[in-house]
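K.L.:
Quick check, what structure comes out for this input:
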Amino acid sequence: MHPMLSIAVKAAREAGRIINRASQDVGSISIQTKNYNDFVSEVDRSAEQAIIDVLKDAYPDHGFWGEESGHDNHEADNIWIIDPLDGTTNFLHGFPQYCISIALQQKGVLTQAVIYDPVRNDLFTATKGRGAFLNDKRIRVTNRSKLQDSLIATGFPFRDFTHLDTYLGMLKDMIKKTTGIRRPGSAALDLAYVAVGWVDGFFEINLSPWDIAAGGLIVQEAGGIVGDFEGNESWIETGNIVAANPKVFAQMLQTLNPHLTDALKTPKNA
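P.N.:
Numbers count the residues shown, from 1 in each chain. Okay, here's the model as predicted:
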């Protein structure tokens, strides 16, 4: 395992311990509302600080971009992109589908990724050019060739409904053209599930970099394709993402394309 990845795994497991302890008494957790349907708990903040402490101890010159703490040293060549608890709403309701997501971006390129599910003790990892793993076992996306035979994951708009009608059109066609749709509630885990082959593809609108950075690299290292709704590389900037095995990816784009508004197309400067 790459040394930087080992440190990220250590940080993720430390955050996982904090989350697992808190899950035993969710009712006592202090919660704040950041925006409509967008919550942050003391657990999110404690887990993020634990991750940053571990990473900063090993790499004091690196930058950090966390969901809760924002940018720190954002001019650094090495920036850790952190979601300490992806699926906070699930966690606060006791729904056991959430994870820690950590990615390293070096001079704008994603090179290391960790997604840790503390409920199942599942550890997804990837290093650019070295493949993707689940609990140290190499993983690959599915080889399914037809969208109609595929199980697709997605995420519903829940705080910004600007594209809701567009999304519902996409969802309607996906329901008709697949074997099933799943909405578990953690984009990072959805991407990890694409990588390991538990679902064949994933799409969602308007996500944040910390939701998708680690998962995107893990899918790519598992042999999948990640892109925006036109198949281009602006997915981490726009938050509009499609991920799947190569054959299903192309068919997903064909299904989504008729619904694209100008706001959801690849930016002209991308």
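K.L.:
Do you have the strands of the stretch 101-250 of the chain handy? List them.
P.N.:
Along the stretch 101-250 of the chain, counting by DSSP state E, counting those that start in this stretch, strands occupy 109-117, 122-127, 132-134, 137-138, 151-154, 180-182, 201-204, 225-227, 241-244.
K.L.:
beta partners for the closest residue to residue 9 other than its chain neighbours?
P.N.:
Distances taken as C-beta to C-beta, 6 or more residues apart in numbering place residue 114 nearest to residue 9, at 5.6 Å, with adjacent residues excluded. Backbone N, C-alpha and C define where each C-beta goes, glycine included. Note on residue 114: beta-bridge partners residue 102, residue 125, judged by DSSP bridges.
K.L.:
picking up where we left off before, reformat the strands of the stretch 101-250 of the chain as a markdown table; add mean pLDDT and mean neighbour count.
P.N.:
Listed next are the strands of the stretch 101-250 of the chain as a markdown table, based on pLDDT from 0 to 100; neighbours: other C-beta atoms under 10 Å:
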| stretch | mean pLDDT | mean neighbour count |
| --- | --- | --- |
| strand 109-117 | 98 | 24 |
| strand 122-127 | 98 | 24 |
| strand 132-134 | 98 | 22 |
| strand 137-138 | 98 | 9 |
| strand 151-154 | 98 | 22 |
| strand 180-182 | 98 | 13 |
| strand 201-204 | 98 | 26 |
| strand 225-227 | 98 | 22 |
| strand 241-244 | 98 | 28 |
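K.L.:
Kindly present the ones you listed as CSV, with separate columns for distance to residue 44.
P.N.:
Below are the strands of the stretch 101-250 of the chain laid out as CSV (distance: least, C-beta to C-beta, whole Å):
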stretch, distance to residue 44
strand 109-117, 15
strand 122-127, 20
strand 132-134, 25
strand 137-138, 30
strand 151-154, 23
strand 180-182, 24
strand 201-204, 20
strand 225-227, 25
strand 241-244, 22
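K.L.:
Now do the helix ranked longest in the chain: which elements does it pack against?
P.N.:
Counting residues, the longest helix found in the chain (DSSP state H) is helix 3-23. Helices and strands touching helix 3-23, by 3 or more C-beta pairs under 8 Å, 6 or more residues apart in numbering; DSSP states H and E, are helix 42-58, strand 78-86, strand 99-106, strand 109-117, strand 122-127.
K.L.:
my guess is the residue nearest to residue 9 contacts residue 122, does it?
P.N.:
No. In this structure, residue 114 is not within contact of residue 122 by C-beta atoms under 8 Å, at 11.3 Å.
K.L.:
quick revisit: ok, the residue nearest to residue 9 - contacts?
P.N.:
5, 8-9, 11-12, 100-103, 123-125, 214 (C-beta atoms under 8 Å, 6 or more residues apart in numbering).
K.L.:
Next: residue 49.
P.N.:
Shown in contact with residue 49 (C-beta under 8 Å, 6+ apart): residue 69.
K.L.:
Use 698 as the first number for this chain going forward.
P.N.:
Happy to do that; since the first residue is 698 now, the last one works out to residue 746.
K.L.:
so where's the stretch 698-847 of the chain shaky on pLDDT?
P.N.:
724-738, 767 (pLDDT under 70).
K.L.:
Give me the residue at the spatial middle of the chain.
P.N.:
Residue closest to the average C-alpha location in the chain (C-alpha atoms, centre = their mean): residue 885, at 2.5 Å.
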